[in-house]
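**Q** what follows is a predicted structure for the sequence shown.
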Amino acid sequence: SGSKMAEEMFYNASEFIETTSGNKVSRNCTLCGSQHIVLGGKSVIQPETVIRGDLAQVHIGRNCIINKQVILSPSYRKLPHGYAFFPLRIGDHVFIGEKSVISAASVGSYVYIGKNCVISQGCELRDCCRIEDNTVLPPDTSVIPFSIYSGSPGMHSGELPESMQDFMMSITKSYYNNFISKKD
């Protein structure tokens with residue numbers, strides 16, 4: 001038998017809300033404007049995450065893993081009289097590491113974002129890309145498919161194999177399936 005990818009992680013059932021579509025959302029996260037936050041299903045939102053649906057709609061696809069203390073905030077443009085916010089769309093099978101701040105215009109599917117990253121406003125992350133830990137992407141950076149970005153400021157630093165899609169599907173599904181509720 002193959003080796004298990006993820007260790008089992010147990011959580012107290014009382015500390016998460018499980019939705020009908022299988023999302024597991026920490027009760028200790030801040031969903032601002034929750035009527036504007038759409039979760040595709042089978043996603044995990046860990047504690048102390050902040051999602052700013054009060055600024056514009058935030059749409060998170062299926063099988064996404066949002067780790068602790070992540071901030072998801074819609075992108076904005078400065079206008080002559082104030083600011084305009086634009087909906088934030090995150091695709092399917094996306095992993096976002098702890099303490100990362102995402103203000104991107106869009107994040108595609110099969111994307112890995114490490115921990116302590118800053119994805120500045122206006123950035124576009126296409127499908128199948130990887131952002132290494134501690135990367136700061138400058139505003140309006142466009143990350144093409146199968147590319148790796150790292151550093152501060154974040155620069156193109158490598159290529160990913162075509163198996164990235166399967167890899168991200170297996171990582172996110174494994175995380176979800178091993179994120180198991182234990183009764184208090």
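**A** Looks like it arrived, so ask away.
**Q** so where is the protein shaky, pLDDT-wise?
**A** Scanning the chain for pLDDT under 70 picks out 1-6, 183-184.
**Q** tell me, what residue is most central in it?
**A** Ile96 (4.0 Å; C-alpha atoms, centre = their mean).
**Q** and that residue, how far from Asp140?
**A** Ile96 sits 20 Å away from Asp140, going by C-beta to C-beta, to the nearest Å. Just so you know, the C-beta spots here come from the backbone N, C-alpha and C atoms, and that holds for glycine as well.
**Q** who's Gly82 bridged to?
**A** Leu79 (DSSP bridges).
**Q** confirm for me that the residue nearest to the centre of the chain is in contact with Ile66.
**A** Yes: assessed by C-beta atoms under 8 Å, Ile96 is found in contact with Ile66 at 5.2 Å.
**Q** do I have it right that Pro145 meets Cys129?
**A** Yes: contact between Pro145 and Cys129 holds when scored by C-beta under 8 Å: they sit 6.2 Å apart.
**Q** between those two, which contacts overlap?
**A** Both Pro145 and Cys129 are contacted by Gly108, under the criterion C-beta atoms under 8 Å, 6 or more residues apart in numbering.
**Q** neighbour count for those two, which is higher?
**A** A count of neighbours by other C-beta atoms under 10 Å puts Cys129 above the other of Pro145 and Cys129, at 22 against 17.
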